[in-house]
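S.K.: okay, here's the prediction I keep looking at, along with the sequence it came from:
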Amino acid sequence: MSVDLNDISFEDLSLEEFILSPYTAAVVLRSNDLANLDLSDTPNIRLGKELSGNFVIVYIRIDLLEPLYRNNKSINYSLAMGLFSQFDLNAAGISAVQQQPYLSLRGGGVLLGFIDTGIDYTKSAFCWEDGTTKIRNIWDQTITGMGAPFDFNFGFEFTANNINKALKSDDPYSVVPHRDTVGHGTFLASLAGSHEPGMYAGAAPDAEFVIVKIKEISPYYRDLYMVPSQYQDVYESVDLMLGIDYIITKAQELNRPVAICIGIGTNLGSHDGFSALEDFVSGVSYINGVSVCCAAGNESAVKRHATGRVEATGATATVEFRSSENTESVYLSIWNSLTDRLSASLISPTGESISRVPARSGETTTTRLIMENARVMITYRFPYSGNSAQLTVIRISDPTPGIWRLQLYGELILDGVFHIWLPISGMGSSGIDFLTPDPNYTVTVPATAVGIIACGAYSTRDNSLYELSSWGPSRLHAAIPDLAAPGVDVGGIFPSDYGIMSGTSAAAAITAGACALLLEWGLILENAVSMNTYHVRSVLIQGCERDTWLEYPNDQWGYGRLNLYNSFLSLRST
C-alpha cells in the first residue's frame, strides 16, 4: 500500500527519528555546495553531521530527492555497500617484528578502528589479562534511544566503563545490548588485534579498539539500487563516512594514533577517486596519526564488469549480458568521461527493442515491454559531482531470462571509453553476468580512493593470488591494489567459535594490524611523529616481497606481498 507522505507530520519527528524514517534518505554535499540547497523547508530537509574534509550529511524526504537533484547536481546519493568474505602472520612479516628484541612492537598505545558488523565484546580475545575490555568505544548505529554519540545524531554509544560493567554481569547483554550477529566484524578485529595468546593472536595484540556497527541500508536506497530483500548485510556509504569520522574523533579525544580497517565496498561510484566517498577517504589519509586500509574487493572472477569504446560521434558499441530464471532485477552503472555524451537502447532476449533514450540529465525514462513482464528504467546523471563525468543507470525489474543487448550511442565522442559495473556479489540480484567480462578495473570503491592502502589477497600455501582478489587499475589509471596480504583460509575468531575466512577484507585487517605496529614505532616511540597513511603506505610498499619474473606495480599484486619486517629493514637503510 502506497503512503501519502503529506499525511506524515515530519515536523514532529526528532532528528534521530527523521534520520531513521523509511521515508527519508541521506545524501552527501561538499560544504561549499550547501548554499545551493534550499534549507528553508526544514521539516522535510534536515542537516546531519559535518564531516572532516568539507563534507556534510543531509537527510531529505524521499519524494523531494529527485526534484532537488535536477536543480542541484552537487547532491551525492548514498551508495549501497556490501561485505567481502566467503592467519598467517608469519608470512606477512608481522611475527618477526613482534619478536625482534629491539623492536618488540605489539601495538601498545595505538587504536584499531573498524566500521563493520560489530564485535563480540564478550570474547577473551578482546580483553586484557585482568578481564577488562580492550575496547574503548562502540558506536552501534542500529540501536535507538537517548545514547547517540555527541553530534552524531543517532545510534547508541557504549564506553569501556559500560562494557566492563557488562563483562562482570551474569547477563552482559542486558547491560550492553550490542551484538555482532553476522560475525564479519568480530573476525576482522581478531585478525588485527586479538589479545589471545598462541595461534589466534592478532597482528597488534596490545592495541585497543574503537568499533562502529554500521546500520543496514535504508528502504529508499534498497529500492533504488534494487537490492533483493534476502540480502541483509548491505549498508550505505554515508554511514561508513560517519563511522570513519567517529573513529577519528575518538582517536583525537584520546590523543592516540589509529589504524582504520574498511572491509566493505561497492561497485557503485566513479572508481576514479573523485566520488564523495573516495574524496572523503582520501582526505582522511592526510591526517597525522591516521592510517586507512581498505579491502580491494573480491570481484575479479565474477563477471560483473565490462568495458568498451564508442569509436566516434554517431557510432555505437554493444555489450551483452545474461540473466537467468532466478534473476529478480538488473542494475547497471555505466560511466564515461566528461568529454563524451552517451545514450542507451536495449534489445531483450525475445528481440523486443527499447528505442534509444536521448541523454538528458536528471531524467528517468520508464518503458514496460509489451510481450514480456520486464520494466526498464534509464536515468542519466551529468555532470557528476566531483569529476563532471556522465553516469547512466539502467534498472530492469523482472528481466526476461536470456541474453540482453545494450547499445550505447555516441552523441558526442572525444574519448569513447566506457565502463559498466553490476553490483558486487552478494548485493545485487544473482544469476546475471556479462558475456565478455573484463577482470581489470574491478577494485571496488572506496579502495579506489587516492592515498589509502588498497589490499588484495593471496594464499600463503603457494604464494598464489586469491582467485577473486580484485584487479586494478582505477579509472584514473592509478596503480591499485597497493599490495597483497594473506587472505585465503585465514584463521580467526567468530562469535560462535574459531574459524577460517577467505577474502580481501581479511587481508585488509591483517594489514591494518601491521599499520598499527608502524604507528606505534612512529608516533608512540617518536621515531616518525608526522606519520600518516601516505607515510605508512610508502613504508609498506618498500618492504613488499616481489618475484623476479613479474614487473611491479601490476594490476593483480600491486607492489608485491606484505612483509612488515622487510619494511623495517628498508627504514634502516634510509
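M.R.: Good, I have the coordinates. Residues are numbered from 1 along each chain as shown.

S.K.: longest strand in this structure, by number of residues?
M.R.: Secondary structure of the chain per DSSP state E: the longest strand is strand 402-412.

S.K.: which strands border that strand, and is each parallel or antiparallel?
M.R.: Take DSSP bridges as the rule and strand 402-412 pairs in its sheet with strand 316-323 (antiparallel), strand 341-347 (antiparallel).

S.K.: following element in sequence after it, please.
M.R.: Using DSSP states H and E, the helix or strand that directly follows strand 402-412 along the chain is strand 417-421.

S.K.: could you list every helix and strand that that following strand packs against?
M.R.: Counting contacts by 3 or more C-beta pairs under 8 Å, 6 or more residues apart in numbering; DSSP states H and E, strand 417-421 packs against strand 305-309, strand 329-336. To be clear about C-beta, it is placed using only N, CA and C from the backbone, and glycine gets the same treatment.

S.K.: coming back round to it: ranking the strands paired with strand 402-412 by burial, who's on top?
M.R.: strand 341-347 (a mean of 20; mean count of other C-beta atoms under 10 Å).

S.K.: for that strand, the averaged confidence score.
M.R.: Averaging pLDDT along strand 341-347 yields 97.

S.K.: so after that strand, what's the next helix or strand?
M.R.: Heading C-terminal from strand 341-347 (DSSP H and E), you reach strand 353-357.

S.K.: and the angle for that following strand with strand 316-323?
M.R.: Strand 353-357 runs at 130 degrees relative to strand 316-323, counting by axes from the mean of the first three to the mean of the last three C-alpha atoms, to 10 degrees.

S.K.: export strand 353-357 to CSV, keeping only CA atoms.
M.R.: Output of strand 353-357 as CSV, limited to C-alpha atoms (Å, rounded to 0.1, in the frame of the first residue of the first chain):
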residue,chain,number,x,y,z
SER,A,353,13.5,-3.3,-28.7
ILE,A,354,13.7,-0.2,-26.4
SER,A,355,14.5,2.7,-28.7
ARG,A,356,17.4,4.9,-27.8
VAL,A,357,16.7,7.3,-25.0
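
S.K.: now do the next helix or strand after that strand: everything it contacts.
M.R.: Next helix or strand after strand 353-357 toward the C-terminus (DSSP H and E): strand 364-368. Identification of contacts with strand 364-368 by C-beta atoms under 8 Å, 6 or more residues apart in numbering yields 66, 354, 357, 374-379.

S.K.: next, count neighbours for the residue nearest to Ile62 when sequence neighbours are not counted.
M.R.: The shortest distance from Ile62 to any non-neighbouring residue, by C-beta to C-beta, 6 or more residues apart in numbering, is to Tyr220 (4.7 Å). Look at Tyr220: counted by other C-beta atoms under 10 Å, it has 21 neighbours.

S.K.: returning to what we had before: now the strands paired with strand 402-412 as TSV including distance to Phe114?
M.R.: TSV is the format used below for the strands paired with strand 402-412 (distance: least, C-beta to C-beta, whole Å):
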stretch	distance to Phe114
strand 316-323	35
strand 341-347	39
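
S.K.: name the SS class of the residue nearest to Ile62, please.
M.R.: Per DSSP: H, G, I helix; E, B strand; the rest coil, the secondary structure class of Tyr220 is helix.

S.K.: ok so, going back, among the contacts of strand 364-368, which lie within helices?
M.R.: Within these, residues falling in helices by DSSP state H are Glu66.

S.K.: okay then, goodbye and thanks.
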